[in-house]
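>>> here are the coordinates; sequence isn't available:
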């Protein structure tokens, strides 16, 4: 008998079908859009407007020495790079001084350490924004580098007269180890989500290691607005509050990507992830619902799948649905890995698919525990 006549089995099967349908909706309505992205067939005339690249750095001497030259050597006619040296106690000052001798378009602003005052990254960003000479601002991180000398050109291509915000992909540098693979997979899945939702007309976030917006728009919207007091959120909360389907542009060409140094230890990654989760409660209500429903339905899907197979309840139907989701997910994810140039992640994807909602739920719940947090960003 293909379908069980046991009422409990029927209820579980119905719930399983509902969860599978929700999962299919996310993959086909959102994730597929970024995975199967195709650039415009007809090239349009691009105006290479002057740009101001802003990087905030605290104790990042080695990363600046390693990665900043890639930003300073962009094949772009007119741009400046502003590094905000935020209370660094290493030799950041000396590294930047040496680079300024080689690159006249590098400018440095400094924040002196005050033992009685701590601040979030937003203060450093605000100083960089105020120091900028150009209206179009570009943001990346000190531990980050563009994959191509055409990065700024790709940003310029994303701009139009109606654009106020541009978001791009910021991946992680591939290294050995399961943790690095998981972090890269998690980063790609988040990108599939925020790119796909933006393409569907519901933009909700971007990443500060590859983002651009107008200086005039930033100030017209009150800067970071009601989120100035929050340690993180200088990127995703700004987009969540201000982006619309009309004023947001995307860049997904291969030369538009940036790569960052992934956390090297589990504790470092957990700390970073918890900090990011503290901003989620400030998203718009509809965004919070969408972001909750996907991992919830995924956990429920796998739980019901295991329960139904153990009970041998309508197992041919259950296996057929599971196989259909697996094929759909594999095809989309394989294509996404090509789009984001994240090779070899596909092989770990099923294991990470089961693991990630459980891990994220645990980190989210523990990050919401009440307690005094010191406002530092690095």
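Nice, thanks for sending it over. It should be emphasised that the depicted structure is a prediction, and the values quoted were computed from it without experimental measurement. Numbering: from 1, shown residues only.

>>> Off-centre distance for stretch 67-76?
Offset of stretch 67-76 from its chain centre (Cα atoms, centre = their mean, to the nearest Å): 22 Å.

>>> again with stretch 253-270
Counting by Cα atoms, centre = their mean, stretch 253-270 comes out at 10 Å from the chain centroid.

>>> tell me the mean pLDDT over it?
For stretch 253-270, mean pLDDT is 92.

>>> Next, the buried residues of it.
253, 256, 257, 258, 259, 260, 261, 262, 263, 269, 270 (16 or more other Cβ atoms under 10 Å). Glycine gets a C-beta too; all of them are placed from N, C-alpha and C.

>>> Go ahead and confirm the second one touches residue 155.
Yes: applying Cβ atoms under 8 Å as the test, residue 256 and residue 155 come out as touching, 6.9 Å apart.

>>> Any stretches of the protein with poor pLDDT?
1-4, 40-44, 116, 368-378 (pLDDT under 70).

>>> In it, what residue spans correspond to helices?
7-26, 32-35, 61-72, 92-102, 121-131, 151-158, 178-199, 215-220, 236-242, 266-277, 285-310, 315-339, 349-367 (DSSP state H).

>>> Just name whatever secondary elements the shortest one is in contact with.
Okay, so that is helix 32-35. Counting contacts by 3 or more Cβ pairs under 8 Å, 6 or more residues apart in numbering; DSSP states H and E, helix 32-35 is packed against helix 178-199, helix 315-339.

>>> Please apply the same query to the first one.
Helices and strands in packing contact with helix 7-26 are listed as helix 285-310, helix 315-339; criterion 3+ Cβ pairs under 8 Å, 6+ apart.

>>> any chance of those helices in TSV, plus mean neighbour count?
TSV is the format used below for these (neighbours: other Cβ atoms under 10 Å):
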stretch	mean neighbour count
helix 285-310	16
helix 315-339	16
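
>>> export those helices to TSV and tack on distance to residue 349?
Putting these into TSV (distance: least, Cβ to Cβ, whole Å) gives the following:
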stretch	distance to residue 349
helix 285-310	13
helix 315-339	5
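
>>> Out of those, which gets nearest to residue 16?
Taking Cβ to Cβ, helix 285-310 is the member of these nearest to residue 16, at 4.1 Å.

>>> quick one, the closest one and helix 315-339 angle?
130 degrees (axes from the mean of the first three to the mean of the last three Cα atoms, to 10 degrees).

>>> ok, back up a step: what do residue 256 and residue 155 both touch?
Common contact partners of residue 256 and residue 155 (Cβ atoms under 8 Å, 6 or more residues apart in numbering): residue 168.

>>> quick one, phi psi at the nearest residue to residue 247 once chain neighbours are set aside?
Leaving aside its sequence neighbours, residue 247 sits nearest to residue 164 (Cβ to Cβ, 6 or more residues apart in numbering; 4.1 Å). Backbone torsions of residue 164, given as degrees, to the nearest 10, read phi -120, psi -30.

>>> about what we covered before: keep only those of the buried residues of stretch 253-270 that are in strands.
258, 259, 260 (DSSP state E).

>>> Out of these, which is nearest to residue 11?
Nearest member of those to residue 11, counting by Cβ to Cβ, is residue 260, at 45.9 Å.

>>> picking up where we left off before, tell me which of the helices and strands packed on helix 32-35 sits nearest to residue 18.
Of the helices and strands packed on helix 32-35, nearest to residue 18 by Cβ to Cβ is helix 315-339, at 11.1 Å.

>>> can you pull the buried residues of stretch 16-29?
Within stretch 16-29, the residues that qualify as buried are 16, 19, 20, 22, 23, 24, 26, 27, counting by 16+ other Cβ under 10 Å.

>>> From the chain's centroid, how far away is that stretch?
23 Å.

>>> Mind listing residues that contact it?
Contacts for stretch 16-29 (Cβ under 8 Å, 6+ apart): 196, 200, 293-294, 297-298, 300-301, 304-305, 308, 318, 321-322, 325, 328-329, 332.

>>> I'd say residue 93 and residue 85 touch.
Yes: contact between residue 93 and residue 85 holds when scored by Cβ under 8 Å: they sit 6.4 Å apart.

>>> between the buried residues of stretch 16-29, which is nearest residue 121?
residue 26 (30.9 Å).

>>> Next one: that closest one from residue 293, what distance?
Per Cβ to Cβ, to the nearest Å, residue 26 is found 8 Å from residue 293.

>>> Then residue 79?
Relative to residue 293, residue 79 is positioned 41 Å away (Cβ to Cβ).

>>> Over to residue 235?
23 Å.

>>> Residue 279 too?
19 Å.

>>> Tabulate the buried residues of stretch 253-270 (a markdown table), appending distance to residue 239.
Formatted as a markdown table, the buried residues of stretch 253-270 follow (distance: Cβ to Cβ, whole Å):
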| residue | distance to residue 239 |
| --- | --- |
| 253 | 20 |
| 256 | 17 |
| 257 | 18 |
| 258 | 16 |
| 259 | 21 |
| 260 | 18 |
| 261 | 23 |
| 262 | 22 |
| 263 | 23 |
| 269 | 23 |
| 270 | 24 |
